[in-house]
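# generate a structure from the sequence data that follows.
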Amino acid sequence: MTNVTVLTFFYLTGLSHMTTKLRLLLFCATLLCYGAILLVNGVLIVTIVLEKKLHEPMYVFVCNLCVNSLYGTAAFYPKFLYDLLSDRHMISYFGCMLQLYVIYSYAATEFSILAVMAYDRCVAICRPLEYHAIMTKTWVVFLVAFSRLVPLFSQGISWVLTSKLQLCGSHIRKLYCENWSILTLSCNSIATNSTVGFIVIMFYVGYDIFIFCSYIQLIKLALRSKEGKKKFSQTCVPHLLCLLNVTVALLFDLMYTRYGSKSVDQNVSNFMAIQFLMIPPLLNPIIYGLKISRVRNNILKYFTKKMVV
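Take a look at the predicted model:
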């Protein structure tokens, strides 16, 4: 007979092998990392909000990307920091499902925003004279809403299916609640969950293909003139770097979660599990802040004024 359990808590076993001293060292490093994520994303958001010259579609989308980074990391870092100082690593069923939903919707929204940004750059470079007529305030608001609501809806479907599963275990070999780990605890068939998950993944792979195809076209156009090369270098290269950053991080996590060997060292496994919550949120705002001159100059101007005062 299947041992079906009504769960109220999950046990996160990703830190069970660590000594107290090692957890304290990791706590300091994690606190520094999370502080840096809050700082670089916060600075970019404040700069874009306060500087009227940056109230343009491209910078609105960059701001949206930074807000999404804060949204996603908020679901992981506070709980992880608490666990590093605790001897018992538990999370309530509701807290686990909430964490799962926020982290997955963050990852999906990241791709949606990058797809919208690719569309914006296509219009700016391919149809420069019509850019402002196409990218109206209403259309920009729609694109921002689209980039956030579609991922919330698609991940909501997966979340509902996962929440209806009867589970026969409560131990998750991760640092946070992750969908595939919960599916492996199911007492029943997960065929429907796997099918829906595959469809959602293919949907976002389509986003990736659209973005790369768009940039192949943009590169062809940019190479025709010096002005095109300059425009591409200033606004498109940062986007491509962020896309590569996010794609590699998420693909790595997806492949390892489903097909990675259980014999891999736990420390390596932990890093593979959290790198998409660490590298893109930290590097994306730095890439945009340093590479796009208008953003960089306004950040320097803002801090220079503060120092003078």
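
# by contact count, what packs against the helix or strand where residue 289 lies?
According to DSSP states H and E, residue 289 maps onto helix 279-291. If you count contacts as 3 or more Cβ pairs under 8 Å, 6 or more residues apart in numbering; DSSP states H and E, helix 279-291 packs onto helix 20-50, helix 57-74, helix 237-259, helix 293-308. C-beta coordinates here come from the backbone N, C-alpha and C atoms, glycine included.

# so how far is that helix from its chain's centroid?
12 Å (Cα atoms, centre = their mean, to the nearest Å).

# for residue 5, give me the pLDDT.
With respect to pLDDT, residue 5 scores 55.

# assess the claim that residue 143 and residue 116 are in contact.
Yes - counting by Cβ atoms under 8 Å, residue 116 is a contact partner of residue 143 at 4.8 Å.

# need the residues touching each of these two.
Shared contacts of residue 143 and residue 116, defined by Cβ atoms under 8 Å, 6 or more residues apart in numbering, comprise residue 61.

# ok, back up a step: quick one: mean pLDDT for the helix holding residue 289?
Per-region confidence: helix 279-291 scores 79 on mean pLDDT.

# just the angle between it and helix 57-74, please?
150 degrees (axes from the mean of the first three to the mean of the last three Cα atoms, to 10 degrees).

# ok, residues contacting helix 279-291?
So helix 279-291 is contacted by 33, 36-37, 40-41, 43-44, 62, 65-66, 69-70, 72-73, 110, 234, 237-238, 241-242, 245-246, 249, 295-296, 299 (Cβ under 8 Å, 6+ apart).

# picking that back up, so which of the helices and strands packed on helix 279-291 is nearest residue 88?
helix 20-50 (12.5 Å; Cβ to Cβ).

# pull out the buried residues from that closest one.
23, 26-27, 30, 33-34, 37-38, 40-41, 43-45, 47-48 (16 or more other Cβ atoms under 10 Å).

# closest one of these to residue 176?
Closest to residue 176, out of all of those and judged by Cβ to Cβ, is residue 30, at 12.5 Å.

# how about that closest one: what's its closest non-neighbour residue?
Distances taken as Cβ to Cβ, 6 or more residues apart in numbering place residue 81 nearest to residue 30, at 5.9 Å, with adjacent residues excluded.

# show me how far the host helix or strand of that neighbour is from its chain's centre.
Using DSSP H and E, residue 81 falls within helix 77-84. When distances are taken as Cα atoms, centre = their mean, helix 77-84 is centred 19 Å away from the chain's centroid.
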